[in-house]
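Q: 3D, please:
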Amino acid sequence: MQMVLWDIDHTLIDTRGVGRELSAAAFLQTTGQVMREQAKIDGITEPVIFRETATLHGLSTTRADFERFARALTEGHLRHAAELRERGHALPGAAAALGTLDADGIRQTVVSGNIRPVAEIKLQVFGLDRHMLWECGAYGDDDDARSELVRLALHRSRVAPEEAVLIGDTPADVEGAHANGIRVIAVASGHSSEAALRAAGAEAVLSDLNNTELLMKLARGQGS
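A: Below is the predicted model:
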């Protein structure tokens, strides 16, 4: 195994509502409207969430609108990093999992619907950033489709599908990985149950990241 592709939200961290609040503030700053409701977010990329949330409010948006939203969202995360650290948390086993994989010589990066600056801030806040090869990853500002993000990460990492595994918490993670021939270790630490993740076709499903020995074996393609 040469590369692990990590999802972020509900796989490695939980913002405990701070992320939504910062999205709402950026939405108001960008559109002038209060965000009364938000489109589906699980497994969805940031540009799609912004566009579909705007549609729920009767707004039509452009790429330039999204780029303004992305700048506002980044600035919000920078200003409220301390609050994110205080209210949010790294999920159980996340730090140990990253450290164990790194010690075993496995390269790691991120495939996330977050825009890259926000992805970096989120992991930095909880001390989970130092093992990530950020330039190898793919982010919401790269493409709307998660499957395309996985493809980009493979290309940037210069690894074949059989040399990678994706770790995420949603059926969308499973679908995006399988569209590129990549195995999935699904973690039921978000809103998707173990049964739902198995039904989506994940090769392995864990309740959390606490068992680093098992995670290592699965990352190496050993066990199920």
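
Q: so the residue nearest to residue 197 when sequence neighbours are not counted, which of the three states?
A: Excluding its sequence neighbours, the residue lying closest to residue 197 (C-beta to C-beta, 6 or more residues apart in numbering) is residue 186, at 3.8 Å. Every C-beta, even on glycine, is put in place using the N, C-alpha and C of the backbone. At residue 186 the chain is in strand, as set by DSSP: H, G, I helix; E, B strand; the rest coil.

Q: What's the first helix or strand after the lengthiest helix in the chain?
A: Using DSSP state H, we find that the single longest helix of the chain is helix 63-79. Going down the chain from helix 63-79, the next helix or strand is helix 81-87, by DSSP states H and E.

Q: returning to that earlier point: please state the offset of the longest helix of the chain from the chain centre?
A: Centre-to-centre, helix 63-79 and its host chain are 17 Å apart (C-alpha atoms, centre = their mean, to the nearest Å).

Q: May I see the buried residues of that helix?
A: The neighbour-count check on helix 63-79 (16 or more other C-beta atoms under 10 Å) flags 65-66, 68-70, 72-74, 76-77 as buried.

Q: can you list contacts of it?
A: Helix 63-79 has contacts (C-beta atoms under 8 Å, 6 or more residues apart in numbering) with 22-23, 25-27, 29-31, 46-47, 50-51, 54, 84, 115, 117-118, 121-122, 141.

Q: pLDDT below threshold where in this structure?
A: Within the chain, the set of residues satisfying pLDDT under 70 comprises 1, 223-224.

Q: in it, which spans are helices?
A: 18-31, 46-56, 63-79, 81-87, 94-103, 116-125, 146-157, 171-178, 194-199, 212-219.

Q: Write the PyMOL selection for whichever of the contacts of helix 63-79 are buried.
A: The following PyMOL line selects those of these that are buried, judged by 16+ other C-beta under 10 Å:
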select buried, resi 22+23+25+26+27+30+31+46+47+50+51+54+84+115+117+118+121+122+141
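
Q: Can you give me the distance of the closest residue to residue 172 other than its chain neighbours to residue 83?
A: Spatial nearest neighbour of residue 172, chain neighbours left out: residue 43 (2.6 Å); criterion: C-beta to C-beta, 6+ apart. Separation of residue 43 from residue 83 (C-beta to C-beta, to the nearest Å): 25 Å.

Q: now swap in residue 34 and tell me
A: In terms of C-beta to C-beta, residue 34 sits 20 Å off from residue 83.

Q: neighbour-wise, which of those two wins?
A: residue 83 (15 against 9; other C-beta atoms under 10 Å).

Q: The more buried one against residue 18, yeah?
A: Yes: under the criterion of C-beta atoms under 8 Å, residue 83 makes contact with residue 18 at 6.1 Å.

Q: Now do stretch 8-19: everything it contacts.
A: 6, 42, 80, 83-84, 87-91, 94, 98, 110, 112-114, 119, 122-123, 126, 128, 167-170, 173, 187, 189-191, 209.
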